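K.L.:
Could you work out the structure for the sequence below:
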Amino acid sequence: MSPTGAAETAPTTDDSLHAHGHSADATWKLALGAIGIVFGDIGTSPLYAFRETFAGHHKLTLDTLHIMGAISLMFWSMMIVVTLKYVTVIMRADNKGEGGSLALLALISGKGGQKRWTAGIVLLGVFATSLFYGDSMITPAVSVLSAVEGLAVAAPAFENLVIPIAVVILVLLFSIQRTGTSRVGTLFGPVMCIYFLVIATLGVISFVQTPAILQALSPHHAWQFFAADPLAAFLALGSVVLAVTGAEALYADMGHFGRKPIRVSWLWFVLPALMCNYMGQGALLMRNPAAIESPFYFLAPEALRLPLVLVATMAAIIASQAVISGAFSVTQQAIQLGFVPRLRIDHTSASTAGQIYIPLVNWALMIMVILLVLTFQTSSNLTAAYGIAVTGAMLIDNCLLAVVLFSLWQWKKRYALPLLALFFVVDFAYFAANLTKVPDGGWFPLLVGLVVFTVLTTWARGRKLMLERLRESAMPIKIFIESAAIAATRVPGTAVFMTSTPDGVPHALLHNLKHNKVLHERVILLTVKISDVPYVLEGNRVKIEGLGKGFHRMILYYGFMQEADVPAALKQITVCGGEFRMMDTSFFLARQTLLPSAKPGMAVWREKLFAWMLRNAESAMEFFRLPTNRVVELGSQVEI
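P.N.:
Sure, this is the predicted structure:
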């Protein structure tokens, strides 16, 4: 990542301004949108979280002590992890309005143009991002499967069709991604509102029959649970944490809705609805322990269970859609920040910049999600794999938060340490409890995280080494201009040489002069830099340096949430020789081929992996939107 002078600019899109304040009407509209997008994951947790706490891999006795203790743990987990940690504290750490692990990492790195991070913090942030991909595979599988499993409750004759129906829904969900979700997205808010109202109503109807369940909101019931049965309480944390899965989505989606609308929708609507449902399920089990087979669906009268399956399935699809869109967004950020090779990115909306589609990510996710459903067969088996990715990411967020509190916000220790201690104790307890489920499926997100982490760090390291080698072999530009500008024949037009390093002579320029023996009248040495902020204003987009004799050094700055459209940027420039006409402009690109090297750098297998990624990366021509009939590619060889 390259901190630049543009790093201090403000965001340029309306979405990025959400964090700075809204009118009352705008806040409620955004809050409705947030209910549809942000809370899908945590909103579908009642489908399986309470059931898994008692009938999962570590079964609990269905008595008053354990039921009250479990509900108390769920409530206080939501209050500490979601309300206090994410909604109140972490959401204040926005990077020009944007949230998420990579946005926070960029904020830590680029504040004031200084490197305030350590290698360990960087690796933790990258690993949190890697775990997200494991989460984005498990969430659609467990959400859709748990919803469709309601068919076996509402109509037992359909039990054998649960997996085929879930697979069909998932295939359709991933297939529509390429068409965009803007139209369907307008329905997300109302549908999720109906879903939350339904589950809250069912919960209230149940707990008014057993009002004693309301006492479970007191923390002393959680304490009694641990005091009476400490091992069972500890193991139960591995399932209780399913009630807060999706909490990190509040932070990641902050740029779309802003801090205040998310807080409003969580505190005044989503949290009460969830707790009503959980208490309703607890009250039902106190009256009828046999309902543990599916307490969520048994809350509804038999005649209404099939409609409830349909509503829950729609909510599960929305939750899955939010995670898939999140995977696209995180991948785009990772590409821009230099952790992932260039990939093809399609924009599915002309008006909304955030509506993107990445084919490779989409189909890879679909294959993995379907394999998960076919392998694990039931949502109960899948939940064993679910919690470890979420708790691992939450634990890492604490480390990033510690850097923010002490280095960026400079909180006093007497305020920061108790808060961090609370977060670390809670999140570590959840993570440790989930480690007990590694043999039952928890290995999967860890394996995915390890593979993705290896890919991300290999690309970042290899790219750094390659740029260093290119700098070492680069000829000083002033010497080149003095010698070549006099000797070479000048031809009309403009030549733009794309180069990764704003120093020295690009290899493509050397090769062009060597083989074609001509130079254009105007030569632009162009570097595209991604700043440590989401958006860069148009006024700070370009930096130009005249080098003499028709040569110009140009740097284009973009935020990590923006697409680098080089022709569009050039059309706005009228200095350094006049306007740019695409029909008179040629773009020269260098395609590097890696050669085996004995130089110290990376292990051989990582060099081969980097070389493979480099070969399969999206062409710079398509990534920077260069006109296809104006591009010349010249090969060069690099040793790393």
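K.L.:
Tell me which residues are up against stretch 463-480.
P.N.:
By C-beta atoms under 8 Å, 6 or more residues apart in numbering, the surrounding residues in contact with stretch 463-480 are 338, 500-501, 503-505, 507, 509-510, 525, 547, 551, 553, 592, 594, 601-602, 610, 638-640. Backbone N, C-alpha and C define where each C-beta goes, glycine included.
K.L.:
now swap in stretch 298-305 and tell me
P.N.:
So stretch 298-305 is contacted by 150, 153-154, 199, 202-203, 205-206, 277, 280-281, 284, 288, 291, 297, 308 (C-beta under 8 Å, 6+ apart).
K.L.:
now do stretch 371-382
P.N.:
With contacts defined as C-beta under 8 Å, 6+ apart, stretch 371-382 is touched by 47-48, 51-52, 55-56, 137-138, 141-142, 144-146, 149, 163, 166-167, 170, 385, 440-441, 444.
K.L.:
One more: stretch 217-233?
P.N.:
With contact meaning C-beta under 8 Å, 6+ apart, stretch 217-233 is reached by 58, 60, 65-66, 68-73, 75-76, 215, 234, 236, 275.
K.L.:
Report the contact partners of the residue nearest to Pro46 when sequence neighbours are not counted.
P.N.:
Counting by C-beta to C-beta, 6 or more residues apart in numbering, Pro46 lies nearest to Asn277, which is 4.7 Å off, once chain neighbours are set aside. Asn277 sits next to 46, 199-200, 202-203, 296, 299 when contact means C-beta under 8 Å, 6+ apart.
K.L.:
again with Ala55
P.N.:
292-293, 380.
K.L.:
between these, which is nearest Trp411?
P.N.:
Of all the contacts of Ala55, Ser380 has the smallest distance to Trp411: 42.2 Å, by C-beta to C-beta.
K.L.:
So that closest one: helix, strand or coil?
P.N.:
helix (DSSP: H, G, I helix; E, B strand; the rest coil).
K.L.:
From Gly441, how far off is it?
P.N.:
10 Å (C-beta to C-beta, to the nearest Å).
K.L.:
Of these two, which one has the most company?
P.N.:
Gly441 (21 against 18; other C-beta atoms under 10 Å).
K.L.:
what's the pLDDT at the more buried one?
P.N.:
Predicted confidence (pLDDT) for Gly441: 82.
K.L.:
what residues are up against it?
P.N.:
376, 381-382, 384-385 are the contacts of Gly441 under C-beta under 8 Å, 6+ apart.
K.L.:
do the same with Asn95
P.N.:
Contacts here follow C-beta under 8 Å, 6+ apart; on that basis Asn95 touches 103-104, 106-107, 532-534.
K.L.:
make it 6 Å
P.N.:
Going by C-beta atoms under 6 Å, 6 or more residues apart in numbering, Asn95 touches 103, 106-107.
K.L.:
residues of the host helix or strand of Leu465 that come out buried?
P.N.:
Using DSSP states H and E, Leu465 maps to helix 443-473. Buried residues in helix 443-473, defined by neighbour count with 16 or more other C-beta atoms under 10 Å: 444-446, 448-449, 452-453, 455-463, 465-467, 469-470.
K.L.:
List the ones among the contacts of stretch 298-305 that fall in helices.
P.N.:
Judged by DSSP state H, helices contain the following of those: 150, 153-154, 199, 202-203, 205-206, 277, 280-281, 284, 297, 308.
K.L.:
which of the residues you listed has the most neighbours?
P.N.:
Gln281 (32 neighbours).
K.L.:
check contacts around that one.
P.N.:
Going by C-beta under 6 Å, 6+ apart, Gln281 touches 50, 295.
K.L.:
Now do it against Val162, distance only.
P.N.:
As judged by C-beta to C-beta, Gln281 and Val162 stand 21 Å apart.
K.L.:
And for Leu400?
P.N.:
Taken as C-beta to C-beta, the span from Leu400 to Val162 is 39 Å.
K.L.:
can you check Ala322 too?
P.N.:
Ala322 sits 23 Å away from Val162, going by C-beta to C-beta.
K.L.:
Where does pLDDT dip in the stretch 251-400 of the chain?
P.N.:
Residues of the stretch 251-400 of the chain meeting the criterion pLDDT under 70: 255-256, 348-355.
K.L.:
can you rerun that using 80?
P.N.:
251-259, 322, 333, 336-337, 346-356, 384 (pLDDT under 80).
K.L.:
what are the ranges of the helices in it?
P.N.:
Assigned by DSSP state H, counting those that start in this stretch, the stretch 251-400 of the chain shows helices spanning 254-257, 259-265, 271-287, 295-298, 305-336, 359-376, 379-403.
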